[in-house]
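**Q** need a 3D model of the sequence below.
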Amino acid sequence: IGEGVARAMWKNTVDYEIPEIPRITYDEAMRRFGVDNPDTRFEMELCDLTENDVIKDSSFAPLQDAEMVKAFVVPGGAGDTSRKTLDSYTAFVKSYGLTGLLYGKVNGG
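**A** Have a look, this model is predicted:
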């Protein structure tokens, strides 16, 4: 109903046709973005690394017993992101109950 009302208002007031509004299920939003109301403009989808052989075979303690390992790629972020910024991201995720943030930088590849 809400989409129909919004489309009708735009059409009737400024003669603009709103294109179809994409929809995804709650489960898909949580799987792909980690939140139930994702801002899809930035294409920051999570990658599930839980079954990745490198992760599963890792001797790095935080990964050994991890029930789930997810990541996202920040194009161009390796060169522009300071340690101070990464530390602020770590503090941010800790405020949501996570134990920390694992990050890595890859240049040119």
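**Q** relative to residue 6, how far out is residue 36?
**A** As defined by C-beta to C-beta, to the nearest Å, residue 36 lies at a distance of 20 Å from residue 6. The way it works is simple: take the backbone N, C-alpha and C, and place the C-beta from them, glycine included.
**Q** correction: residue 86
**A** Remark: distance between residue 86 and residue 6 (C-beta to C-beta) = 39 Å.
**Q** cool, and residue 32?
**A** Between residue 32 and residue 6 the distance is 24 Å, computed by C-beta to C-beta.
**Q** now what about the helix or strand bottoming out on mean pLDDT in the chain, what contacts it?
**A** Each helix and strand of the chain was given a mean pLDDT (mean pLDDT, DSSP states H and E); the minimum falls on helix 77-80 at a mean of 80. With contact meaning C-beta atoms under 8 Å, 6 or more residues apart in numbering, helix 77-80 is reached by 105, 106, 107.
**Q** what helix or strand is the residue sitting furthest away from the middle of the chain on?
**A** Summary for the chain: using C-alpha atoms, centre = their mean, the residue whose C-alpha lies farthest from the chain's mean C-alpha position is residue 12, with a distance of 36.1 Å. Taking DSSP states H and E as the criterion, residue 12 maps to helix 2-14.
**Q** any chance you could list what contacts that helix?
**A** Outside helix 2-14, the residues within contact range by C-beta under 8 Å, 6+ apart are 16, 17, 18, 21.
**Q** out of these, what pair is the most spread apart?
**A** Of all pairs drawn from the contacts of helix 2-14, the greatest distance, 13.9 Å, lies between 16 and 21 (C-beta to C-beta).
**Q** spit out the contact partners of residue 17.
**A** Applying C-beta under 8 Å, 6+ apart, the residues near residue 17 are 7, 10, 11.
**Q** before we move on, back to that, quick one: which of residue 32 and residue 6 has more around it?
**A** Neighbour totals were compared for residue 32 and residue 6, and residue 32 leads with 16 against 12 (other C-beta atoms under 10 Å).
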